[in-house]
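Novice: 3D, please:
(chains A and B)
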Amino acid sequence: MTDLAIETTELVKRFGPRTAVDHLNLLVEQGEIYGLVGPSGAGKTTVMRIVCGLTKPTAGVARLLGHAMPAERRAVEAWLGYMPQERAVYRDLTVVENLLFFGQIYGLSRAAVAERTRELLDWTRMSDHAQQRADRLSGGEKQRLSLACSLVHDPKMLVLDEPTIGLDPGLRQEFWDRFHALNQGGRTIVLSTHYIHEAERCGRVGLMARGNLVAEGRAEDLKARVAASSGIPSPDMDQVFLVLTRAATAQGDKP
Amino acid sequence: MNVRRILAVSERVLRQLRHDRRVLAFMLIVPSLAMILFGYSFSGEIRGIRLGVLDEDKTDLTATILESLQSNEKFHVTILPPGSDPERLLREGYQAVVRIPPKFTSLYYAHFAMGVATSAQGTLDLALDESDPQIAAAVQMGIADALMDLGEGGPVHVETRKLYGVEVRFIDSFAPAIMGMVVAFICTVLTLLSVVREKVDGTFARVWVSPVRRAEFILGYILAFGLIALVQSVLVLSIGKGVFGIVINGSLGWAFAGVILFAIGSVGLGTLLSALAETESQAILFFPLVLLPSVLLSGMMWPLQAIPALLRPLSYIVPLTYSNRLLRAVMVKGLAPWQEPFGFAGVLVFVLLTIVLASVALRQSAGERD
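Specialist: Numbering: from 1, shown residues only, chains lettered A, B, ... in the order given. I've put the predicted structure just below:
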């Protein structure tokens, strides 16, 4: 099996006249925490949906763990844990019932799901809410349940679409601690965020704008690059994003 | 195809319904209410029409006619004093006034004695309020019945041989239609809402990323709603039997099998329609689209022959038309499904078509959403 978790080649997705993904070439290695960072509408969700086999690309190729998506998605479905942006839990089921369903569809027995549920509820500090209906949970609790649902079948590859959106800073830190713990446990994590400064918590980031990467690398390297080129002594991630996006636009506009 | 995953989907759908008390109530109360309301409203029994009788002949024969009218529950009969004016009585609230003129009896018998050679004939004078055609028709029928009761003497004797169950009342053939309609409607709308909600909440995306296949997803829904359809059918038939004393001439097993088959098609239809709605409020707009043609065009309330020729082709694209034929054949006529090929084939085509289209629709909604 390839060492690449994700590989896209000249990936294009158009919705009518709108180009959501514009000739994207993306490489993510297994074992990384890779962040797709950029404002809303940059194309992050579309890239993730294509990579997970939910959306067909208009042109180009997307591979997940070496398999073309969506054509070969059956080969990787057991390895993949996907957390959609909408939280994606059954609001009229309890926490435990949600985990039971998502466990069962991955072939886990009732006993195995029960065991896994205990672990996950403990890990997400949701044990007290086990019998609560999802629609009665707070936003943060719902997000924790959503993460737990993506993990119930113990996937080795996680694709998380805006997993920290709407969380307060304390909870966001808690989520990041969990992502790092998962990563240390050997899982590859690809996540998207429009909180630019969260780039610093990823191993590598791809800064996205208008359907393509404007820059890619470790956060410190990007900062150093911007410090050198723009003269800003110690730029924060927002400044890094702005400078690099402008630079990319200027380059793109050249004849 | 994995049975475990199918069962997981069914279990989940049933658990969701169990948690939502309003939906649960909707599923159980609506069929009961429909049977009771439709049953009472359309039992077809008109009672207590105000009928005045003015007997100016007063013979044994007219007494027999009078007795016959009085024993008919359709009529509330008032014997009018001599000299009453029928037209004035109609204006005062009588719905019909029958005047039996003098010499009615002698003319009646003379007619028989002389056969068709005479034009003299016993004639009743009926003043009728025609403003309500149904009541007017009931009056005319009641009077004809009374004359038939004269028996031997009647000019024409119609001997009726009744096929498919003796004394089938309107309600007996109405119950299968109510059962089909209610079960189909609830299965369609609940599937529709449930699938649209999966799209809105994003659980759909999670399911499609998992090993669940479209066929498993649909079968899971079918299993859950098949079970619900069975419970609802038992409910409707129990009320039909307990409250209205409906007669079921055929096998209950076939009846339930027929309803469940139709429910399967309805789950397919709900899934298919879900592709056309992006939000739950859009989905609700489909409800009348599902319900109205079923009620008006399926032959549920009135026979297809009563539907204007212009609209009648539409009746044949309304699934309930076939279900009605099938369920009536099975329940009223006591036939096996294949002995009613029109209804049976129609329901089968409905099931196959909606399931195939639902599968295509799911591919669309799963694959191409932004």
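Novice: Please make it C-alpha for all contacts and neighbour counts, starting now.
Specialist: Will do.
Novice: and B:Gly245, what is it in contact with?
Specialist: When contacts are counted by CA atoms under 8 Å, 6 or more residues apart in numbering or on different chains, B:Gly245 is found next to no other residue.
Novice: For it, give me phi and psi.
Specialist: Taking degrees, to the nearest 10, you get phi 60, psi 40 for the backbone angles of B:Gly245.
Novice: From B:Arg328, how far out is it?
Specialist: 16 Å (CA to CA, to the nearest Å).
Novice: ditto for A:Arg136
Specialist: Going from A:Arg136 to B:Arg328 by CA to CA gives 46 Å.
Novice: likewise B:Ile135?
Specialist: 27 Å.
Novice: cool, B:Ile171 as well?
Specialist: Summarising the geometry, the distance separating B:Ile171 from B:Arg328, computed by CA to CA, is 11 Å.
Novice: out of those two, which sits in the more crowded spot?
Specialist: Under the criterion of other CA atoms under 10 Å in any protein chain shown, the comparison of B:Ile171 against B:Arg328 puts B:Arg328 first, with 26 against 23.
Novice: I'd like to know how many residues surround the residue of the stretch 101-250 of chain A at minimum distance from chain B.
Specialist: As assessed by CA to the nearest CA, chain B sits closest to A:Ile105 within the stretch 101-250 of chain A, at 5.1 Å. A:Ile105 has 21 neighbouring residues, counting by other CA under 10 Å.
Novice: show me what contacts it?
Specialist: If a contact means CA under 8 Å, 6+ apart, then A:Ile105 has B:4-5, B:8-9, B:210-212 as its contacts.
Novice: contacts with chain A among those residues, please.
Specialist: Among those, the residues within reach of chain A (CA under 8 Å from any CA of the partner chain) are B:4-5, B:8-9, B:210-212.
Novice: Most widely separated two among these?
Specialist: The largest separation in the ones next to chain A among the contacts of A:Ile105, counting by CA to CA, is between B:Arg4 and B:Ser210 at 13.5 Å.
Novice: For these two, indicate the residue with more neighbours.
Specialist: A direct count of neighbours by other CA under 10 Å for B:Arg4 and B:Ser210 places B:Ser210 higher, at 24 against 17.
Novice: And stretch B:173-192, how far out from the chain middle?
Specialist: For stretch B:173-192, the gap between its own C-alpha mean and the chain's C-alpha mean amounts to 11 Å (CA atoms, centre = their mean, to the nearest Å).
Novice: For that stretch, C-alpha coordinates in CSV please.
Specialist: Once non-C-alpha atoms are left out, stretch B:173-192 reads as follows in CSV (Å, rounded to 0.1, in the frame of the first residue of the first chain):
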residue,chain,number,x,y,z
SER,B,173,-65.7,-2.2,0.2
PHE,B,174,-64.6,1.2,1.6
ALA,B,175,-62.5,-0.3,4.4
PRO,B,176,-59.9,-1.8,2.1
ALA,B,177,-59.5,1.5,0.4
ILE,B,178,-59.1,3.4,3.7
MET,B,179,-56.6,0.9,4.8
GLY,B,180,-54.5,1.2,1.6
MET,B,181,-54.8,5.0,1.6
VAL,B,182,-53.8,5.6,5.2
VAL,B,183,-51.0,3.1,5.2
ALA,B,184,-49.6,4.4,1.9
PHE,B,185,-49.8,8.0,2.9
ILE,B,186,-48.1,7.6,6.3
CYS,B,187,-45.4,5.4,4.8
THR,B,188,-44.8,7.9,2.0
VAL,B,189,-44.6,11.0,4.1
LEU,B,190,-42.6,9.5,7.0
THR,B,191,-40.0,8.1,4.6
LEU,B,192,-39.9,11.3,2.7
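Novice: And the residue nearest to B:Phe244 when sequence neighbours are not counted, which helix or strand is it part of?
Specialist: In space, and not counting its chain neighbours, B:Phe244 is closest to B:Gly39: 7.3 Å by CA to CA, 6 or more residues apart in numbering or on different chains. With elements taken from DSSP states H and E, the one containing B:Gly39 is helix B:21-41.
Novice: Would you map the strands across the chain?
Specialist: No chain in the question, so chain A it is. Listed from the start of the chain, chain A has strands (DSSP state E) covering A:4-15, A:18-29, A:33-37, A:59-64, A:67-69, A:80-83, A:157-161, A:188-193, A:204-209, A:212-217.
Novice: Chain B was what I was after
Specialist: Shown for chain B, the strands assigned by DSSP E span residues B:49-55, B:75-79, B:96-100, B:125-128.
Novice: Which of the ones you listed has the highest mean neighbour count?
Specialist: Per residue and on average, the most neighbours among these fall to strand B:96-100, with a mean of 23 (mean count of other CA atoms under 10 Å in any protein chain shown).
Novice: which residues sit in contact with the closest residue in space to A:Leu11 that isn't next to it in sequence?
Specialist: Excluding the flanking residues, the one nearest A:Leu11 by CA to CA, 6+ apart is A:Gly60, at 4.2 Å. The contact partners of A:Gly60, by CA under 8 Å, 6+ apart, come to A:8-12, A:23.
Novice: Tell me the one of the residues you listed nearest B:Ala34?
Specialist: Out of the contacts of A:Gly60, the member with the shortest distance to B:Ala34 (by CA to CA) is A:Val12, at 53.4 Å.
Novice: correct me, but that closest one touches A:Arg18?
Specialist: No: applying CA atoms under 8 Å, one finds A:Val12 not in contact with A:Arg18, separated by 11.0 Å.
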